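>>> I would like the atomic coordinates for the input below:
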Amino acid sequence: MTTTTLAVLVPLLPFLGAAAGLLLGRTAPGFVRPLAVLPVLTSLVLAVTVAVDQGGGQAIDSRTELTPTGSVPIELGLHIDGFAALVAVLVGVVATCVQIYSTGYLRDDPRYPSYAALVSLFTSAMLLVVYSGDLMVLLVGWEIMGICSYFLVGHYWETPEARAASLKAFLVTKLGDVPFLIGLFALATDAGSFRITTVLGTVASGGLHHPTLVALLLLAGVAGKSALFPLHTWLPDAMAGPTPVSALIHAATMVAAGIYFVARLLPVFQASAAAMVVLAVMAGVTMVGSGLAALAQDDIKRVLAYSTIGQLGYMAGALAVGDRGAAVFHLLAHGAFKALLFLAAGVIIHASGTNSLAAMSRMKDLRLRVPDAFWTMTVALLALAAIPPFSGFFSKEAVLGAAEHVATGHTEQAPGAAGWIVLVTGLVTAVLTAAYATRLWLLAFRGHGAEAPDHGRQPVTMTAVLWVLAIPSLAFGLAIGPLPDWFDGRDLTPLLTTSVLGTGLALVGGIVTYGAWRHTTALAARVPLGAVAAHPDADAGHVEAEAIAAHEPVFGDVAHAPDPADPGRLLLGPLHRHAAVGFHLDTVYSVLFVRPVQAGASLVRFLDREVVDTYVRGAGALPRWLGTAVRRAQTGNVQTYVSALLAGTVVLVVAALLVATGA
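The predicted structure is shown next:
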């Protein structure tokens with residue numbers, strides 16, 4: 001087979017697996033698991049083959065026109081450069097791991113057949129986005145991912161949290177997709193084609209008439225899909241879905257799609273300095289805000305969700321300084337260790353027997369009960385905190401190095417202001433990332449919460465996947481030697497200055513968090529539990545002082561009291577309660593958008609019921625009354641008719657006489 005044929009099969013096989021899984025899910029349940037795993041696994045093998053054939057050299061281009069449109073043509077085409085080849089491999093690896101993992105995680109779930117089919121369809125849609133050479137075809141995969149996320153996040157539709165989360169994810173991403181679609185049409189109008197290579201050629205020749213407007217419209221859709229500020233609020237709530245779905249969305253699909261889209265069309269955004277600065281501001285706020293929020297979460301999956309938002313901020317920051325190589329490098333490294341983090345968290349939740357025990361304050365002795373999750377999650381957290389030689393160190397330093405080059409004027413591929421914004425916020429986020437990663441590790445594996453019931457060992461399909469993902473989390477960064485061939489020749493070697501600064505700040509964040517944990521743990525041993533329950537927003541030292549002054553006895557319920565040994569409370573202080581709810585951004589959106597829309601809907605309902613319905617009822621009542629009057633006149637009695645005729649005649653005669661007399 002030719003490379004083009006193999007590339008066509010990469011997104012096609014998971015799609016066929018999804019269709020077969022939906023058709024045979026009820027009639028032949030024994031085929032569900034093979035149909036879930038084998039097509040995606042085969043697609044991974046083919047994606048690796050395509051990447052090897054492409055070899056980081058000339059992009060593979062192939063196209064055929066779908067149907068004449070009369071204006072801008074729409075083509076079913078491929079455009080596979082080094083970035084596309086590597087991202088497709090990442091999607092295949094994570095999707096295969098998720099499908100294998102899910103056979104154990106959801107082995108007793110009656111809706112597993114539809115779940116597995118949707119995961120395969122999700123994978124197919126992302127691969128279509130990665131390989132597509134036409135923006136309209138890319139949009140098809142983009143929107144299919146949106147509907148798949150709606151169904152998968154709402155998999156546990158019996159719970160109100162899952163229903164609300166799926167609806168929120170769908171609406172927030174659609175809010176960004178509307179301007180995104182307008183931006184695509186504007187871009188294609190200027191270029192005369194939806195084909196990506198033609199669009200990039202138009203930008204290079206200066207043929208883009210309104211670059212700032214187009215770039216900002218596209219950024220709205222990217223912000224929604226990739227959970228960047230201000231459209232990031234759907235992602236933490238999406239944790240109501242099954243944990244393997246979270247791994248898929250956060251590591252290789254959905255949120256990665258927006259970053260990949262900007263990387264593929266980066267010259268469009270570079271044509272507008274204002275758009276690059278806006279992207280840098282979005283990235284900076286996303287990084288710092290999510291880092292603070294992650295430090296205040298108690299649910300382990302919400303910590304990881306805010307962590308994903310922060311790492312997406314790093315990727316967006318790399319794009320804001322014009323370095324798509326650093327952005328995609330961090331996307332690949334992050335995909336490996338974030339998938340590992342979520343799947344390890346799933347092992348922890350599975351060991352507890354229920355999603356409700358994901359609160360870190362209630363975890364105890366987990367390093368002994370789930371050793372596979374303990375060791376592999378430790379590797380992933382070190383990669384997340386960018387500690388060398390783990391993969392996250394190399395990819396994050398590539399981002400900081402690119403920002404430093406732009407900030408100091410060594411390169412002019414982006415405005416200097418964008419470089420400084422990304423560099424400063426990136427270094428601050430390095431401290432916060434190490435802090436919440438350390439806090440998660442301490443609370444999850446060295447916590448003093450209530451003992452959860454032991455549900456035995458996890459299936460080997462779940463634990464084996466963790467060790468598979470631990471390999472790239474540890475060693476992917478060491479592969480920077482051959483990688484430049486796939487990254488436009490970009491040198492990914494970390495810079496000395498940013499490496500020392502970033503690693504030093506990460507170590508400071510981890511050490512300070514450990515010290516705060518030791519301090520709060522010591523205080524927690526002396527704090528009356530009733531005092532803690534009565535003061536949920538106070539730090540341990542404050543609670544202890546008030547409790548001792550009041551001479552309160554030791555009492556309370558550990559399961560319902562906040563963990564007094566949480567270092568996040570001590571580190572954030574009064575900011576903690578605001579960070580825990582995402583700085584009230586949902587409340588702000590409710591006041592600015594939800595309530596006005598509800599008020600408008602109430603007004604429309606009032607007008608419809610009291611005005612329109614009244615008019616309609618009146619319009620129907622008048623003929624009804626006239627009909628009633630006529631019906632009563634038509635009695636069928638001849639004597640009545642004769643009497644009426646005589647009476648009418650008399651009236652007419654009298655009227656005529658009066659007229660004649662008057663004349």
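>>> For the lengthiest helix in the chain, which helices and strands make contact with it?
Identified as the longest helix of the chain according to DSSP state H is helix 160-191. Judged by 3 or more C-beta pairs under 8 Å, 6 or more residues apart in numbering; DSSP states H and E, helix 160-191 is in contact with helix 135-153, helix 196-204, helix 211-225, helix 234-237. (Glycine included, C-beta is placed from N, CA and C.)
>>> Out of those helices, which one sits most buried?
helix 234-237 (a mean of 24; mean count of other C-beta atoms under 10 Å).
>>> Now Thr64: phi and psi?
When quoted as degrees, to the nearest 10, the phi and psi of Thr64 stand at phi -150, psi 140.
>>> ok, now which ones touch it?
Counting by C-beta atoms under 8 Å, 6 or more residues apart in numbering, Thr64 touches Glu75, Leu76, Gly77.
>>> quick one: which of the residues you listed is nearest Pro110?
Taking C-beta to C-beta as the measure, Pro110 sits nearest to Leu76 out of the contacts of Thr64, at 37.6 Å.
>>> Now do that closest one, the pLDDT please.
Leu76 is assigned a predicted lDDT (pLDDT) of 86.
>>> Helix, strand, or coil at it?
At Leu76 the chain is in strand, as set by DSSP: H, G, I helix; E, B strand; the rest coil.
>>> same thing with Thr27?
Look at Thr27: counting by three-state DSSP, its state is coil.
>>> What count of nearby residues applies to it?
7 (other C-beta atoms under 10 Å).
>>> what's the answer for Arg26, then?
Neighbours of Arg26 under the rule other C-beta under 10 Å: 10.
>>> Just give the closest residue to it, not the sequence neighbours.
What sits nearest to Arg26 in space, not counting adjacent residues and going by C-beta to C-beta, 6 or more residues apart in numbering, is Pro113, at 7.1 Å.
>>> So which of the helices and strands packed on helix 160-191 is nearest Thr408?
Nearest of the helices and strands packed on helix 160-191 to Thr408, taken as C-beta to C-beta: helix 211-225 at 24.9 Å.
>>> returning to that earlier point: so for Leu279, which of the helices and strands packed on helix 160-191 sits nearest?
Using C-beta to C-beta, those put helix 211-225 closest to Leu279, at 6.3 Å.
>>> what is the orientation angle of the closest one with helix 135-153?
Angle, helix 211-225 to helix 135-153, by axes from the mean of the first three to the mean of the last three C-alpha atoms, to 10 degrees: 20 degrees.
>>> can you map out the helices along the stretch 251-400 of the chain?
255-264, 266-270, 273-294, 300-320, 324-352, 366-369, 371-384, 391-407 (DSSP state H, counting those that start in this stretch).
>>> for the third one, which positions count as buried?
By neighbour count, with 16 or more other C-beta atoms under 10 Å as the criterion, the buried positions of helix 273-294 are 275-294.
>>> residue contacts, Val87?
Applying C-beta under 8 Å, 6+ apart, one finds that Val87 lies in contact with Val130, Ala256, Tyr260, Val328, Leu331, Leu332.
>>> go with 10 Å
Contact analysis of Val87 by C-beta atoms under 10 Å, 6 or more residues apart in numbering lists 47, 51, 126-127, 129-131, 252, 256-257, 259-260, 263-264, 328, 331-332, 335.
>>> Also Gly241?
Contact analysis of Gly241 by C-beta under 10 Å, 6+ apart lists 115, 149, 151-156, 161-162, 165-166, 169, 248-249, 301, 355.
>>> on that earlier part again, let me see the mean pLDDT of the longest helix of the chain.
Rounded mean pLDDT across helix 160-191 is 93.
>>> Burial check on Val654, number of neighbours?
10.
>>> nope, Thr5 is what I meant
Thr5 is flanked by 10 other residues according to other C-beta under 10 Å.
>>> Helix 135-153 and the host helix or strand of it, what's the angle between them?
Assigned by DSSP states H and E, Thr5 falls within helix 3-24. For helix 3-24 against helix 135-153, the angle by the same axes, to 10 degrees is 30 degrees.
>>> before we move on, the earlier item: can you flag the buried ones in the contacts of Gly241?
115, 149, 151-156, 162, 165-166, 169, 248-249, 301, 355.
>>> Identify, from these, the entry nearest to Gln311.
Ile249 (13.4 Å).
>>> shouldn't that closest one be in contact with Pro236?
No: with contact defined as C-beta atoms under 10 Å, Ile249 does not reach Pro236; the gap is 12.0 Å.
>>> and the helix or strand hosting Val91, average pLDDT?
Here Val91 sits within helix 82-105, counting by DSSP H and E. Here helix 82-105 scores 94 as its mean pLDDT.
>>> who touches Thr5 in this structure?
By C-beta under 10 Å, 6+ apart, Thr5 lies in contact with Leu46, Ser62.
>>> closest one to His209 among the helices of the stretch 251-400 of the chain?
Closest among those, using C-beta to C-beta: helix 266-270, at 12.3 Å.
>>> contacts for the closest one?
The contact list for helix 266-270 (C-beta under 10 Å, 6+ apart) reads 183, 187, 191, 199-204, 208, 211-212, 214-216, 218-219, 222, 262-263, 275-276, 278-279, 319-320, 322-324, 327, 413-415.
>>> please redo it, this time with the cut-off set to 6 Å
Residues outside helix 266-270 that contact it (C-beta atoms under 6 Å, 6 or more residues apart in numbering) are Leu200, Val203, Ala215, Ala275, Gly322, Arg324.
>>> Give me the spatial nearest neighbour of Thr587, chain neighbours excluded.
Leaving aside its sequence neighbours, Thr587 sits nearest to Val581 (C-beta to C-beta, 6+ apart; 7.9 Å).
>>> Would you mind giving me the confidence score for the closest residue to Leu469 other than its chain neighbours?
Leaving aside its sequence neighbours, Leu469 sits nearest to Leu340 (C-beta to C-beta, 6+ apart; 4.0 Å). Note on Leu340: pLDDT of 96.
>>> same deal with Gly392?
pLDDT, Gly392: 93.
>>> What distance do you get for the residue nearest to it when sequence neighbours are not counted to Thr433?
In space, Gly392 comes closest to Ala383 once its chain neighbours are excluded; the distance is 3.8 Å by C-beta to C-beta, 6+ apart. According to C-beta to C-beta, to the nearest Å, Ala383 stands 11 Å off from Thr433.
>>> any idea how far Val604 is from Pro11?
Applying C-beta to C-beta to Val604 and Pro11 gives a distance of 43 Å.
>>> how about Gln311, what does it touch?
Contacts for Gln311 (C-beta under 6 Å, 6+ apart) come out as His334.
>>> repeat that for 10 Å
By C-beta under 10 Å, 6+ apart, the neighbours of Gln311 are 250, 255, 259, 286-287, 290, 330-331, 333-335, 337-338, 384, 392, 395-396, 399, 429, 433.
>>> pLDDT below threshold where in the stretch 1-150 of the chain?
Filtered on pLDDT under 70, the stretch 1-150 of the chain yields the residue ranges 67, 69.
>>> okay, and the common contacts of Ile249 and Pro236?
With C-beta under 10 Å, 6+ apart as the test, Ile249 and Pro236 both reach Ala227, Ala305, Thr308.
>>> So how do I select the buried members of those residues in ChimeraX?
This is the ChimeraX syntax for the buried subset of the shared contacts of Ile249 and Pro236, where burial follows 16+ other C-beta under 10 Å:
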select :227,305,308
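>>> Give me the phi and psi for Leu492.
Main-chain dihedrals, Leu492, degrees, to the nearest 10: phi -100, psi 10.
>>> Tell me which residues touch the nearest residue to Pro29 once chain neighbours are set aside, please.
Among residues not flanking Pro29 along the chain, Pro113 sits closest, at 6.8 Å (C-beta to C-beta, 6+ apart). Taking C-beta under 10 Å, 6+ apart as the criterion, Pro113 is in contact with 21-26, 28-29, 31-33, 35-36.
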